[in-house]
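# Let's see this in three dimensions:
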Amino acid sequence: MIYREAGDFKTSYRDDGQTFPIRLDRWGYYAILALAFGIIPFVINDYWANAVLVPFLIYAIAALGLNILTGYAGQVSLGTGGFMAVGAYAVYKLMTAFPDVSIVIHILLAGGITAGVGVLFGLPSLRIKGFYLAVATLAAQFFLVWLFNKVPWFYNYSASGQITAPTRTVFDQAVTGPAATAPAKYLICLVFAFVLAWVARNLTRGSLGRKWMAIRDMDIAAEIIGVNPLRAKLSAFAVSSFFIGIAGALLFAVYLGAAEVGEAFGINKSFLVLFMIIIGGLGSIFGSFAGAAFLVLLPVLLKNFLVGNMGWPTDLAAHIELMIVGALIVTFLIVEPHGLARLWRLAKDKLRLWPFPH
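Modelled structure (predicted):
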């Protein structure tokens, strides 16, 4: 009975257009922020940071970026892994070339470099769409992986072909390298995820977001009413690639510490992020976080249950995980194409009417 708009009066346009119109939603949002920023950093350990929270935050950023491009702008992309590789190799070159500059600046610059690459590979979207655009972005994925493998300059002529993140600090706390602590790695990923989610929410609610959605729904009609398809599509590729580049930089520098492009940023990475937004919900900020949480927690839970409790081999558990993810994707596409975000919205609508049936 307390989950209602009744009694929550709006006295300005700003209040009427807020993201959380119901008071209980706002309280829950602030409680989650207080928990994330005020409690978890003091109790987190290496297992929870490396197995759950850090990868969840990084993949949520990548899912936000892909959701902007695919969910809001309607441009199908299978090159997420390649764009994450651009962010990773960009931040590596910046870290080694300018060791005195803050790692935060390096990560932001890596996102900007990835945005430029994304615009370059987004040019075909002006002439093709749908399946053909997906193939073009898939070609970008393979080309970028080949490029980082074949040009030694990108990995500083290392004999192993790997890139390794040197130790860098923020406020005298190591966030990369072997000296990085779990709270430091968690906090830098949390800050980036919070800020980028706030930026994505405001972009999609503004005029730029409405242009993206107009292009997604019907590009010809959008052009007739004055939306420039060139600017709309390329801006979607730029913003999406910026988010994905930051996710790739964080994945390499903070989470992995060392990476080889074929293993860390292969085609499997592109499909993983795509599955996140399909299960979480296309065109939804919450869906990006829900899909990332689902696909990060699922392997951990299955491994603990099947391997730890039932004693099954690790490779068998990994194959069962793939079967479950595939079945869930097919189920969501058939039963609820809008994913977990739609189910959460339906649950809230039911709760607003409870205990009344209609």
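# can you map out the strands along the stretch 51-200 of the chain?
Here the stretch 51-200 of the chain has its strands, by DSSP state E, counting those that start in this stretch, at 163-164, 169-170, 173-174.
# Quick check: which of those strands is buried the most?
strand 163-164 (a mean of 22; mean count of other CB atoms under 10 Å). (C-beta placed from N, C-alpha, C; glycine too.)
# neighbouring strands for that one, and are they parallel or not?
strand 258-259 (antiparallel) (DSSP bridges).
# Reformat the strands of the stretch 51-200 of the chain as a markdown table; add mean pLDDT and distance to E321.
Listed next are the strands of the stretch 51-200 of the chain as a markdown table, based on pLDDT from 0 to 100; distance: least, CB to CB, whole Å:
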| stretch | mean pLDDT | distance to E321 |
| --- | --- | --- |
| strand 163-164 | 92 | 28 |
| strand 169-170 | 91 | 34 |
| strand 173-174 | 91 | 33 |
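# any chance of those strands in a markdown table, plus distance to A347?
As requested, these are exported to a markdown table (distance: least, CB to CB, whole Å):
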| stretch | distance to A347 |
| --- | --- |
| strand 163-164 | 44 |
| strand 169-170 | 38 |
| strand 173-174 | 39 |
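# Out of those strands, which gets nearest to F121?
With CB to CB, the closest approach to F121 among the strands of the stretch 51-200 of the chain belongs to strand 163-164: 21.8 Å.
# residues making contact with that closest one?
A88, Y89, Y92, F154, Y155, N156, S158, F252, G257, A258, A259, E260 (CB atoms under 8 Å, 6 or more residues apart in numbering).
# quick one: contacts for the second one?
Counting by CB under 8 Å, 6+ apart, Y89 touches F148, F154, Y155, I163, V261.
# now do the same end-to-end measure for stretch 162-174.
By CA to CA, to the nearest Å, the extent of stretch 162-174 from end to end equals 22 Å.
# now for the longest helix seen in the chain, which elements pack on it?
Identified as the longest helix of the chain according to DSSP state H is helix 182-205. When contacts are defined as 3 or more CB pairs under 8 Å, 6 or more residues apart in numbering; DSSP states H and E, helix 182-205 packs onto helix 40-43, helix 54-66, helix 103-122, helix 229-250, helix 285-302.
# tell me how far the shortest one is from the chain's mean position?
Here the centre of mass of C-alpha atoms in helix 40-43, compared against the chain's by CA atoms, centre = their mean, to the nearest Å, lies 23 Å away.
# Same question for the longest one.
In terms of CA atoms, centre = their mean, the centre of helix 229-250 is found 12 Å from the chain centre.
# measure G287 to F243 for me?
15 Å (CB to CB, to the nearest Å).
# returning to what we had before: tell me which of the helices and strands packed on helix 182-205 approaches W354 most closely.
Closest among those, using CB to CB: helix 285-302, at 21.0 Å.
# relative to helix 285-302, how tilted is the next helix or strand after the closest one?
Using DSSP states H and E, the helix or strand that follows helix 285-302 in sequence is helix 314-335. Interaxial angle, helix 314-335 versus helix 285-302 (axes from the mean of the first three to the mean of the last three CA atoms, to 10 degrees): 150 degrees.
# May I see the buried residues of helix 314-335?
A317, E321, V325, L328, I329, F332 (16 or more other CB atoms under 10 Å).
# Starting from L108, give me the distance back to W354.
Look at W354 and L108: by CB to CB, they are 45 Å apart.
# Mean pLDDT per element in the protein, and the minimum belongs to which helix or strand?
helix 13-16 (a mean of 77; mean pLDDT, DSSP states H and E).
# how far does that helix sit from the chain's center?
Relative to its parent chain, helix 13-16 has a centroid offset of 29 Å by CA atoms, centre = their mean.
# picking up where we left off before, so between W354 and L108, which is more surrounded?
L108 (18 against 11; other CB atoms under 10 Å).
# Tell me how many other residues crowd the closest residue to that one other than its chain neighbours.
In space, and not counting its chain neighbours, L108 is closest to I246: 7.3 Å by CB to CB, 6 or more residues apart in numbering. Number of residues near I246 (other CB under 10 Å) recorded here: 29.
# contacting residues around I246?
I61, G87, I107, L108, A110, G111, T114, F192, L196.
# again, only using 10 Å
Shown in contact with I246 (CB atoms under 10 Å, 6 or more residues apart in numbering): 58, 61-62, 64-65, 84, 87, 91, 107-108, 110-112, 114-115, 192-193, 195-196.
# With G339 instead?
Taking CB under 10 Å, 6+ apart, one finds 71, 276-284, 286-287, 290-291, 294, 328-329, 332-333 in contact with G339.
# now N304
So N304 contacts A51, A317 (CB under 10 Å, 6+ apart).
# Output the below-cut-off pLDDT ranges for the protein.
1, 357-358 (pLDDT under 70).
# surely L230 meets L123?
Yes - between L230 and L123 there is a contact under CB atoms under 10 Å: 9.4 Å.
# Residues in contact with the least confident helix or strand of the chain: which ones?
By CB under 10 Å, 6+ apart, helix 13-16 touches D8, F9, K10, P21.
# Swap in 8 Å and give it another go.
Taking CB under 8 Å, 6+ apart as the rule, helix 13-16 contacts K10.
# so after it, what's the next helix or strand?
Assignment by DSSP H and E places the next element after helix 13-16 at helix 23-34.
# orientation of that next one relative to helix 182-205 in degrees?
Using the same axes, to 10 degrees, helix 23-34 lies at 140 degrees relative to helix 182-205.
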